[in-house]
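Asker: got a structure for you, letters missing:
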């Protein structure tokens, strides 16, 4: 699904699937037994984790839990621009 | 415990500085209906909330507000980065600049410092959820007011996203209030306070 995306496309994909998770998470808080919403959460949560791991391996980590995918030689967590900076996410 | 994610919830890519607008938009950082107050309100209220759905919503919305605060700060930063003394002088940014240079500091558009007195944590779920619903609408109005002043689509776009979130949060708090009322005495919602009376 996320194969052959460039950096901006992959980031855009991460933002989209993460937003789906953010949105359904709030919905599930007040509708904890909605099966359709649970399936939706499961699917987008999977896509999000997959994309975050892929991004970390290619460009550097966006979360500390995916940092090990990119930190062989140096501590990349501080290497990539911060979100408010030019070139940031 | 919180976990930082090194990206904005919705992208902010502003190429043209505008210190005049930054002075207005900063109100959604440290103003009376801003994102910092929103986050502190919900994250403070949740500890005594007896219903798990509502504790969840206060935690998750309170957390999302921190992400909104970061977006507002990114907008203000990008509207003010690399300003020259001349641009600061001409745009009326001088009073802010003299105290904070180009750093972010939580204040209202009027210059009033951020204060916890703009929100309540009352310890009664009916009362707090009404406050929360009102807070979302006040923030929505503030974004509507900002959008009337902004022409640059690079600024409008993330502001519109934030405005939409206020409406979704209002909806979730409304559902939370209904969950609370369903658990109370249907003949008198005020018969007892489930955060205090045992």
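Answerer: Now that the structure is in, tell me what you want to look at. On a predicted model such as this, the values are computed, not experimentally measured, just so you know.
Asker: Okay, now the unreliable bits of chain B?
Answerer: Counting by pLDDT under 70, not a single residue of chain B qualifies.
Asker: swap that for chain A, please
Answerer: A:1-3, A:70-71.
Asker: What residues does it have near chain B?
Answerer: A:11, A:14-15, A:18-19, A:22-23, A:25-27, A:29-32, A:61-65, A:77, A:80, A:82-84, A:88-89 (Cβ under 8 Å from any Cβ of the partner chain). All C-beta atoms are positioned from the backbone trio N, CA, C, and that covers glycine.
Asker: repeat that with 7 Å
Answerer: For chain A, the residues in contact with chain B (Cβ under 7 Å from any Cβ of the partner chain) are A:14-15, A:22, A:25-26, A:29-30, A:32, A:62-64, A:82-84, A:89.
Asker: quick one: the helices in the chain?
Answerer: Using chain A. Taking DSSP state H, the helices of chain A run over residues A:7-30, A:35-59.
Asker: look at chain B instead
Answerer: B:19-25, B:27-30, B:35-45, B:52-80, B:85-91, B:94-100, B:125-149, B:153-183.
Asker: Pretty sure residue B:139 sits against residue B:36.
Answerer: No. With contact defined as Cβ atoms under 7 Å, residue B:139 and residue B:36 do not form a contacting pair (11.3 Å).
Asker: Tell me which of these two has more neighbours.
Answerer: residue B:139 (27 against 22; other Cβ atoms under 10 Å in any protein chain shown).
Asker: if I look at that one, how far off is residue B:195?
Answerer: 25 Å (Cβ to Cβ, to the nearest Å).
Asker: Go ahead and name everything in contact with stretch B:74-86.
Answerer: A:83-84, B:8, B:12, B:14, B:17-19, B:21-22, B:25-26, B:29, B:93, B:102, B:104, B:155, B:158 (Cβ atoms under 7 Å, 6 or more residues apart in numbering or on different chains).
Asker: Having no further points to raise, I will conclude here.
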